[in-house]
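Colleague: model this:
(2 chains)
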Amino acid sequence: MHHERTHWRSFEQPYAVTHQPLGVQMATRREWVIASDIQHIEPLVSEVINLCLEAGLSPRACRLNIPVALTEALSNAIVCGNREDVRRPVTTCFVLDHEALTLEITDDGDGFDASCVSFSPEDADWLHREDGRGLFLMRSLMDRVELQRPSLSKPGHTVRLVLNRA
Amino acid sequence: MPFVIETAEDVLVVGVVGQLVVGNRQEFKQSVLDEVERGARRVLVDFTETGYVDSSGLGALVSLNKRLREVGGEMRLTALNEDMRTLFELTRLDTLFKLYASRADALAQF
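Modeller: Numbering: from 1, shown residues only, chains lettered A, B, ... in the order given. I've put the predicted structure just below:
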């Protein structure tokens, strides 16, 4: 697996990206670190979508599943995890191989309690609530969604989104 | 410009250009609320030039719909592409809003 990481500590620029050509047969890993500002979400999502299109992922996945799920995960990390504190980073790790796309979004804060935001269309107030659909959308649009805390001794939570290529 | 606001046949038509997501939902919401404060009661959101909508964008639509109903108004949506229809069906919001294929259809039936 090719692995290249760029970690910008100062966050003076909206996001960092490595540059490495994608090959169909090789797994590729890239990483971005952004400050916790929701205005950084769209440019990052756009970068990821360009990589996915370049790698031949389905147009529908690139129009719907990936951008919406990634936007939700980044939004949760920035707003819920890092409380929009621009000093706190959000890291997005992109891994694409012949089987699946895996996106890992890690915040620097408290993450979010999935049990508190696991609303469903079965809930009585589902149609009328303004928020609470993000996790449902991630789970609906991706093949697998995992929430984990990488280290018990440090803050930060990771959302892993997996979309199979087949 | 992310939103194009115009009036057609006494209906406020709001065109969403690009995405309706967490980064611009507040601007979208406030733009429409300002028009409601000025008296708009029939609002049509046109997604002809929209890429995708996230849960924040959906939430903004739900919130505006609620506000319009409170003042005796109504919000309708038009020109959702196939992907956006999928989102509305997944979230069942297709049962909350009246959806139209085109702006002309929506205006004719408003």
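Colleague: Mind listing what's buried along the host helix or strand of B:L33?
Modeller: In this structure, B:L33 sits in helix B:25-37 according to DSSP states H and E. Neighbour counts over helix B:25-37 (16 or more other Cβ atoms under 10 Å in any protein chain shown) mark B:R25, B:F28, B:K29, B:V32, B:E35, B:V36 as buried. In short, each C-beta sits where N, CA and C put it, glycine included.
Colleague: try stretch A:37-51
Modeller: For stretch A:37-51, the neighbour count (16+ other Cβ under 10 Å) marks A:D37, A:I38, A:H40, A:I41, A:E42, A:L44, A:V45, A:E47, A:V48, A:I49, A:L51 as buried.
Colleague: low-confidence ranges in chain B?
Modeller: B:1 (pLDDT under 70).
Colleague: Around chain A, which positions in it sit nearby?
Modeller: B:19, B:21-23, B:51-56, B:58-60, B:62-63, B:66, B:83, B:86-87, B:90-93, B:95-96 (Cβ under 8 Å from any Cβ of the partner chain).
Colleague: Just the ones in helices from those, please.
Modeller: B:S55, B:S56, B:L58, B:G59, B:A60, B:V62, B:S63, B:K66, B:D83, B:T86, B:L87, B:L90 (DSSP state H).
Colleague: so what's the fourth one up against?
Modeller: Okay, so that is B:G59. The contact partners of B:G59, taken as Cβ atoms under 8 Å, 6 or more residues apart in numbering or on different chains, are A:R129, A:E130, A:D131, A:R133, B:R25.
Colleague: Also A:V90?
Modeller: Counting by Cβ under 8 Å, 6+ apart, A:V90 has contacts A:33-36, A:74, A:77-78, A:81-82, A:105-108.
Colleague: which one of those has the most neighbours?
Modeller: Counting neighbours by other Cβ atoms under 10 Å in any protein chain shown, A:L74 comes out on top of the contacts of A:V90 with 31 neighbours.
Colleague: close enough to count as contact, it and A:L44?
Modeller: Yes: A:L74 lies in contact with A:L44 (Cβ atoms under 8 Å); the separation is 6.8 Å.
Colleague: Give me the common contacts of these two.
Modeller: Common contact partners of A:L74 and A:L44 (Cβ under 8 Å, 6+ apart): A:I34, A:T92.
Colleague: With secondary structure and distance to chain B as added columns, please give the buried residues of stretch A:37-51 in CSV.
Modeller: Shown next, in CSV, are those (DSSP: H, G, I helix; E, B strand; the rest coil; distance: Cβ to the nearest Cβ, whole Å):
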residue, secondary structure, distance to chain B
A:D37, coil, 9
A:I38, helix, 5
A:H40, helix, 9
A:I41, helix, 6
A:E42, helix, 6
A:L44, helix, 11
A:V45, helix, 9
A:E47, helix, 15
A:V48, helix, 13
A:I49, helix, 10
A:L51, helix, 17
